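Peer 1: please find the sequence and the predicted model below.
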Amino acid sequence: MHLTSLALVNFKNFEAQSFEFDAKINCFVGPNGVGKTNVLDAIYQLSFGKSYFNPIALQNIKHGEDFLVIDGNYQKNDVSEHVVLGIKKGQKKTIKRNGKVYDKISDHIGFIPLVIISPSDRDLIIEGSETRRKFIDGVIAQGDSQYLRQLLDYQKTLSQRNALLKYFFLNRTFNEDSLAIYDDQLSSLGQAIHKKRKQFIEEFLPIFIDRYAFISQGKETVGLSYKSQLHDSTLADLLESHRERDRATQYSNYGIHKDDLGFDIDGHPIKKFGSQGQQKSFLIALKLAQFDFLKRLSKQSPILLLDDIFDKLDETRVGQIIGLVDHESFGQIFISDTHSERTENVVKSVHQSYKIFNL
């Protein structure tokens, strides 16, 4: 599977720009600020319907314009696929596949499997638990549409339960039967999500350990641990036994929306005890393991985006990763870098076709 062409209209700094891509390696080079990362983000948006870097969709429209279009042509299982994302001020975002508009953008998730490695991935280590939950959910949802529906239903029900708790507080009232309706829904959805997250970590962990060993050449041991309130109790019991606390805080304090991932190196939290280089290697391994996991699920190689990869690793390590396309069935890779000569030296070292775009 690969992206054959891309056209951008009023997207970020591009008024109108088109690209024809190589099936294996594509490199965007040029000074900072010319839009290298923006091209990668456009490709990302064709897979997920949203930006990797800016959650506010309208801010992706070029300044002074009122709409944007991202238009991509793919070859998937020897079939041509045409995907178009459109955003217009005052209207609902749309994604069309082969001319047909999706009723729900979530229905498109997983159709074009993709993994991005970016300097902003460091948020997975330094930010709060929500960032790490999004990582888990993003990987699982690409291969499990039912999981994505359960997650969206859980979030909707959680929001409604929190709104009811706030209503009770503001109006100095309480109705246990009304709250129980949401508790039943949350419990059913939460238990199913917890089960799938737990199963995911069990399958993902050995893949991740292997990837880290490859990048670090076996210098340290790493671990991932799934942290959840549901390990020792059912969500139904947690919601019932902590109802008074929820009333007082006007918020649902227990559930899978509190889950987290623990990142460890040699038995210690990598946030506190990992060097900058170890943290970079950890994140690269995490994303390459994501690639392996998605490939196993989808039975095809995801598109791989390497944004400013030399910011994370030295030239030798980058060469190792790019070299994977030689002896493993990696698919299409997109790279951004500020130094064209450095990039070309690395991609020349592998025996694959490539294209370099100077922006």
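Peer 2: Now that the structure is in, tell me what you want to look at.
Peer 1: skipping its backbone neighbours, what lies nearest D107 in space?
Peer 2: Nearest non-adjacent residue to D107, counting by CB to CB, 6 or more residues apart in numbering: S145, 7.5 Å away. C-beta here means a position set from N, CA and C on the backbone, and glycine is covered the same way.
Peer 1: for the one you found, give me its contacts.
Peer 2: Contact analysis of S145 by CB atoms under 8 Å, 6 or more residues apart in numbering lists 106-107, 109-110.
Peer 1: can I get the residues you listed in a markdown table including neighbour count and distance to L205?
Peer 2: Output for the contacts of S145, formatted as a markdown table (neighbours: other CB atoms under 10 Å; distance: CB to CB, whole Å):
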| residue | neighbour count | distance to L205 |
| --- | --- | --- |
| S106 | 16 | 27 |
| D107 | 15 | 30 |
| I109 | 21 | 24 |
| G110 | 20 | 22 |
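Peer 1: looking at those, which one is closest to D183?
Peer 2: Proximity of the contacts of S145 to D183 was ranked by CB to CB; the top entry is S106 with 25.0 Å.
Peer 1: for the spatially closest residue to that closest one that is not a sequence neighbour, grab phi and psi.
Peer 2: Excluding its sequence neighbours, the residue lying closest to S106 (CB to CB, 6+ apart) is L148, at 5.6 Å. Main-chain dihedrals, L148, degrees, to the nearest 10: phi -60, psi -40.
Peer 1: what is the burial count for L148?
Peer 2: 20 (other CB atoms under 10 Å).
Peer 1: one more: L151?
Peer 2: 22.
Peer 1: same thing with P55?
Peer 2: 8.
Peer 1: just say helix, strand or coil for it.
Peer 2: coil (DSSP: H, G, I helix; E, B strand; the rest coil).
Peer 1: so F169 touches R247, yeah?
Peer 2: Yes. Using CB atoms under 8 Å, F169 is in contact with R247, at 7.0 Å.
Peer 1: sorry, back to before: which one of the contacts of S145 is nearest I209?
Peer 2: G110 (25.4 Å).
Peer 1: so what pLDDT did the residue lying closest to P113 once chain neighbours are set aside get?
Peer 2: Computed as CB to CB, 6+ apart, the closest residue to P113 that is not its neighbour in sequence is P302, at 3.7 Å. Model confidence at P302, given as pLDDT, is 94.
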